[in-house]
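K.L.:
the following comprises the amino acid sequence and a computationally predicted model.
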Amino acid sequence: MADNVFVFENKFRVKPVDKYFSPQGESVNLTIRFLAFLFDSFVIFTLLFFVELFLGAAALQAHENFFKIVVMHFIYWGIPAQTIAYVYYCFFYLSFGATPGKLVLGLRVVSVETGGDLSLIQIFLREILGKFFSFFFFGFGFLLSFFRKDGRALHDLISGSRVVSVRQKIPRGL
């Protein structure tokens, strides 16, 4: 079972698929990963829009000086935005092994060691620590995936994860 990756069936039950989709298989196209990111970003920004509608009025009341505006914006927008993004990614990785964007495109995030779901520690390392360092170094952590044959970015390397395709390949000529 350690060499298997899982694919979704009805009602999100999982079943093992063959070794072709194991972490040692082909790298996922970076364009596909980026499209999944855009899809997830749209979902997150839609959620944040409603948070801004709800909390934005409180931030507008604190417009006495520039410093206070910056602090209030961080408190009323930055903290909820980061919290929503982290909860979104952690929830979907724990529940389904992929975010909605990755599910739509037939991708799954798996452990390099087992080929199975990420542990809670791996999710923490990937989403909080790994992506922090990827952004901290001006996005270099994400650009790293362009220079690696396996397409893994810094957050993948830190967490021991890999994005794999779980879609069935259709043989040529069909």
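P.N.:
In hand now; what should we look at?

K.L.:
which helix or strand in the chain has the lowest average pLDDT?
P.N.:
strand 14-17 (a mean of 44; mean pLDDT, DSSP states H and E).

K.L.:
how distant is the next helix or strand after that strand from the center of its chain?
P.N.:
Counting by DSSP states H and E, the next helix or strand C-terminal to strand 14-17 is helix 30-60. Centroid separation for helix 30-60 versus its chain: 13 Å, with CA atoms, centre = their mean, to the nearest Å.

K.L.:
show me what helix 30-60 is packed up against.
P.N.:
Packing partners of helix 30-60 (3 or more CB pairs under 8 Å, 6 or more residues apart in numbering; DSSP states H and E): helix 66-73, helix 79-96, helix 100-104, strand 107-111. C-betas here are computed from N, CA, C, even on glycine.

K.L.:
which one of these lies closest to residue 136?
P.N.:
helix 79-96 (13.9 Å; CB to CB).

K.L.:
how much space between the residue nearest to residue 103 when sequence neighbours are not counted and residue 29?
P.N.:
Excluding its sequence neighbours, the residue lying closest to residue 103 (CB to CB, 6 or more residues apart in numbering) is residue 96, at 6.5 Å. Distance of residue 96 to residue 29, computed by CB to CB, to the nearest Å: 21 Å.
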